[in-house]
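[1] Sharing a model that was predicted from the sequence below.
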Amino acid sequence: MTTQINNFKKATFVLLFTPAIFGIQFTIAQDDAPPRTNSIGGHFGTVHLLVINSGGTTKTIADEYNVGFPTGVTIKTSDKFAFDIECVPFVSPHTDVHFLFHPGALFPLKKNFTFGTRAAFEIGKGLWGFTPLINKAFPMKNGTAFFVELVLPVRFDDALNTTTIAGLHLGIGF
């Protein structure tokens, strides 16, 4: 029970304070605000971990290849905000398969760029943390978009040891 309470506290911290760390500001809708139009979309792709630094040891993709298969559902509430839930099964040589639950906030920028931050809960590895990201979309004629995304995950274990990662996410959004 104590572990569940500690995990709940960690999850609450990540969800509440990750936006503040990156200077993200949420605004409360006012009466004079234009009406919102909600839409739903999604994405799928692959994420390749390029560099992993953990416990003072750095590994590159040449040392150990890790690949994930992100699939997400996006709820766009305005031109300036979207909520996204991403689920990522990972395959790696040492942990076989583990699962990442990755909810987050996305903020579209100019020229098809998007900034985002996600909470991260790695089931099967006992890690939690956050993932800032920057994404560039390349719209296609059929209404979908190819995208390239740089992710910079930061993960903690129960002893608060830190793992930092740089990864490349390639995918299709619709």
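    It's in.
[2] before we move on, what SS does the residue positioned nearest the centre of the chain have?
    Nearest residue to the geometric centre of the chain (C-alpha atoms, centre = their mean): Arg118, 4.1 Å. Three-state call for Arg118 (DSSP: H, G, I helix; E, B strand; the rest coil): strand.
[3] Which secondary structure element is home to the closest residue to it other than its chain neighbours?
    Closest residue to Arg118 apart from its sequence neighbours, by C-beta to C-beta, 6 or more residues apart in numbering: Gly104 at 3.0 Å. Using the backbone N, CA and C atoms, a C-beta is placed for each residue, glycine as well. Gly104 belongs to strand 96-108 when assigned by DSSP states H and E.
[4] Neighbouring strands of that strand in the sheet, and parallel or not?
    Note on strand 96-108: by DSSP bridges, its sheet partners are strand 81-92 (antiparallel), strand 113-123 (antiparallel).
[5] And the contacts of the longest one?
    Contact partners of strand 81-92, identified using C-beta atoms under 8 Å, 6 or more residues apart in numbering, comprise 43, 47, 64-77, 97-108, 116, 118.
[6] in that strand, what's buried?
    Buried residues in strand 81-92, counted by 16 or more other C-beta atoms under 10 Å: 81-82, 84, 86, 88, 90, 92.
[7] Next: the shortest one.
    By neighbour count, and taking 16+ other C-beta under 10 Å as the criterion, the buried residues in strand 113-123 are 114, 116-122.
[8] wait, isn't Gly42 in contact with Val73?
    Yes. With contact taken as C-beta atoms under 8 Å, Gly42 and Val73 are classed as touching, separated by 5.0 Å.
[9] Ile40 and Val73 touch, don't they?
    Yes. Using C-beta under 8 Å, Ile40 makes contact with Val73 at a distance of 6.9 Å.
[10] got a list of what Tyr65 touches?
    Residues counted as contacts of Tyr65 (C-beta under 8 Å, 6+ apart) are 48, 92-93.
[11] how about it, secondary structure?
    Per three-state DSSP, Tyr65 ends up coil.
[12] now, which of the buried residues of strand 113-123 sits nearest Ala137?
    Distance to Ala137 across those (C-beta to C-beta) is lowest for Thr114, with 7.0 Å.
[13] List the residues that contact that closest one.
    By C-beta under 8 Å, 6+ apart, the contact list for Thr114 reads 106-108, 133-135, 137.
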